[in-house]
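Participant: no FASTA, just this:
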């Protein structure tokens, strides 16, 4: 485990010969405070939208009628894994999230004046909200029968919302669960692909992006093998999220997410000259 942590750290961070990590973190925090002051309203709106997405997801699960699963090419090509090995999906998902968080905090441990963690988070949340908006439209228009045994009423893990209170206030952890009724656009694969794009853009090492891409591919195959998602929902996540990322990047480059230097009034500029 110690070797693995050391290896991962070598991929994420580079040694700074000019200042200690503590001094670098202090300097970075000064930039982060200014970036937070500029982007806090936007980030707050994105956080509030997570409740909207959760509400729509619970509503779709409430309206879902269990039916026989549809034919899926991925199910025909990839054999089903035993129930006792389904935990591998959660393990790979957790590793992807952990790597993304490491990249997110990397500006505090390496000298990267042009990048802030707030800027990373702003881009991540913006694309997440756009993708979730499209996702809500997909499962509102089409209700696919759940392929997982957990979508059957007689299963012990079947947990369909039963009241208005459940729809409104059921835990936000539902966005990470394996619900039924909102399977056109995979929520988990959406997050994994978005994390891959974030690591690809802000990571310091190309190898890390390659390893992450392999993990994301393995995760998608595991989700199909565990019968938690249709191949369709995974395919949609894989091509919609990168398109949204590219479109957002062209219209809102990183320079707009960072704190721009304050311009001096013309009078002060004349005096300084």
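Facilitator: Okay, I see it. These numbers come from a predicted model, not from an experiment.
Participant: Find the nearest non-adjacent residue to residue 190, please.
Facilitator: Once flanking residues are discounted, residue 190 sits nearest to residue 237: 4.7 Å by Cβ to Cβ, 6 or more residues apart in numbering. Glycine gets a C-beta too; all of them are placed from N, C-alpha and C.
Participant: Could you check how far that neighbour is from residue 62?
Facilitator: 23 Å (Cβ to Cβ, to the nearest Å).
Participant: Compare those two (neighbour count), which wins?
Facilitator: Counted by other Cβ atoms under 10 Å, residue 237 and residue 62 do not tie: residue 237 has more neighbours, with 25 against 16.
Participant: From residue 72, how far out is that one?
Facilitator: 15 Å.
Participant: got the residue ranges for the helices in the chain?
Facilitator: Ranges of helices within the chain are 2-12, 21-63, 73-77, 87-105, 117-141, 164-169, 187-202, 206-225, 231-251, 254-257, 266-272, based on DSSP state H.
Participant: Which pLDDT does the model give residue 179?
Facilitator: pLDDT for residue 179: 66.
Participant: Let me fix that, I meant to ask about residue 80.
Facilitator: Reading off the model, residue 80 has pLDDT 92.
Participant: Assess the claim that it and residue 228 are in contact.
Facilitator: No. The criterion here is Cβ atoms under 8 Å, and residue 80 misses it with residue 228 at 10.8 Å.
Participant: the more surrounded of these two?
Facilitator: Neighbours per residue (other Cβ under 10 Å) separate residue 80 from residue 228, with residue 228 holding more: 22 against 12.
Participant: mind pulling up the phi and psi values for that one?
Facilitator: phi -90, psi -20 (degrees, to the nearest 10).
Participant: Am I right that residue 230 is in contact with residue 146?
Facilitator: No. Contact between residue 230 and residue 146 fails when scored by Cβ under 8 Å: they sit 9.2 Å apart.
Participant: Quick one: neighbours of the closest residue in space to residue 149 that isn't next to it in sequence, just the number.
Facilitator: Nearest non-adjacent residue to residue 149, counting by Cβ to Cβ, 6+ apart: residue 155, 5.4 Å away. Neighbours of residue 155 under the rule other Cβ under 10 Å: 12.
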